[in-house]
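*Asks:* What follows is a predicted structure for the sequence shown.
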Amino acid sequence: MLTPLRRLYDWTMAKAAHPHAVWWLAVVSFAESSFFPIPPDVMLIPMVIARPNRAFFYAAVCLAASVAGGLGGYAIGYFLFETLGEPLVHLYAAPGALESVRERYHEYGWWIVFGGGLTPVPYKIITIASGALALDPLAFTGASIVGRGLRFFLVAALLWKFGPPIRTLIEERFGLMTTLFFILLVGGFVAIKYLI
């Protein structure tokens, strides 16, 4: 018997072959940034493999819809945290997750949003938390564009350049690779801050 999450995954994957796949890609990218559990990469990967000449167009669709959805998640956190945002955060993260970052969020918020957009951290937690903690909306939007842009365009570029052979690496190791990249990047900035 299929779990509800597996059924959602299969449903999302099937939309990649739909005649209106680009629209479904936008819908999934938007929804994943605020409440939907399946990342748009599930659609992006097979769509780019099927039509590599449209790889960067698909990445742009993911980026635009994801940032718009992120602003929707921000609005949920800002306006509807108690009724909608808090239950969503508890669904995807430990109950104390928001409290544990509250004090540092305004100092490191840009990096938290950037890291959440780039790595496998459920981005919806970051968007809702950003609204709930009233992170500067411009900083939030900028970090979302940079983090999500790097993620989607990197996936598209790897698939465009190397095709199906890179698919397994992306599906199985991309989260680890982007997490390590983010740790090294932040570590570099921390080192510069304390060495200069």
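*Replies:* Sure thing, it's come through. Residues are numbered from 1 along each chain as shown.

*Asks:* And for Gly117, nearest residue in space, chain neighbours not counted?
*Replies:* Nearest in space to Gly117, with sequence neighbours left out and distances taken as C-beta to C-beta, 6 or more residues apart in numbering, is Gly147 at 2.5 Å. Every C-beta, even on glycine, is put in place using the N, C-alpha and C of the backbone.

*Asks:* Let me see the contact set for the one you found.
*Replies:* The contact partners of Gly147, taken as C-beta atoms under 8 Å, 6 or more residues apart in numbering, are 113-118.

*Asks:* and which of the residues you listed is nearest Leu88?
*Replies:* Nearest to Leu88 among the contacts of Gly147 is Gly116, at 14.3 Å by C-beta to C-beta.

*Asks:* which of the contacts of Gly147 count as buried?
*Replies:* Among those, those classed as buried by 16 or more other C-beta atoms under 10 Å are 113-118.

*Asks:* Looking at these, which has the smallest pLDDT value?
*Replies:* On pLDDT alone, Leu118 ranks lowest of those, at 81.

*Asks:* how close does it sit to Val155?
*Replies:* 11 Å (C-beta to C-beta, to the nearest Å).

*Asks:* so where do the helices sit in the chain?
*Replies:* 4-15, 21-32, 41-50, 55-79, 86-92, 97-118, 123-132, 137-162, 167-195 (DSSP state H).

*Asks:* tell me the most buried of those helices?
*Replies:* Neighbour counts (mean count of other C-beta atoms under 10 Å) averaged over each of these peak at helix 123-132, with a mean of 27.

*Asks:* next one: that one to chain centre, how far?
*Replies:* 11 Å (C-alpha atoms, centre = their mean, to the nearest Å).

*Asks:* going forward, begin numbering at 17 instead of 1
*Replies:* Got it, the first residue is 17 from now on, which makes the last one we talked about helix 139-148.

*Asks:* That helix - what's its average pLDDT?
*Replies:* Helix 139-148 comes out at a mean pLDDT of 91.

*Asks:* Packing partners of that helix?
*Replies:* Other helices and strands packing on helix 139-148, by 3 or more C-beta pairs under 8 Å, 6 or more residues apart in numbering; DSSP states H and E, are helix 71-95, helix 102-108, helix 113-134, helix 153-178.

*Asks:* ok, now with 10 Å
*Replies:* helix 37-48, helix 71-95, helix 102-108, helix 113-134, helix 153-178 (3 or more C-beta pairs under 10 Å, 6 or more residues apart in numbering; DSSP states H and E).

*Asks:* which stretch among the ones you listed comes nearest Arg22?
*Replies:* Of the helices and strands packed on helix 139-148, nearest to Arg22 by C-beta to C-beta is helix 37-48, at 16.0 Å.

*Asks:* With that, I have no additional questions.
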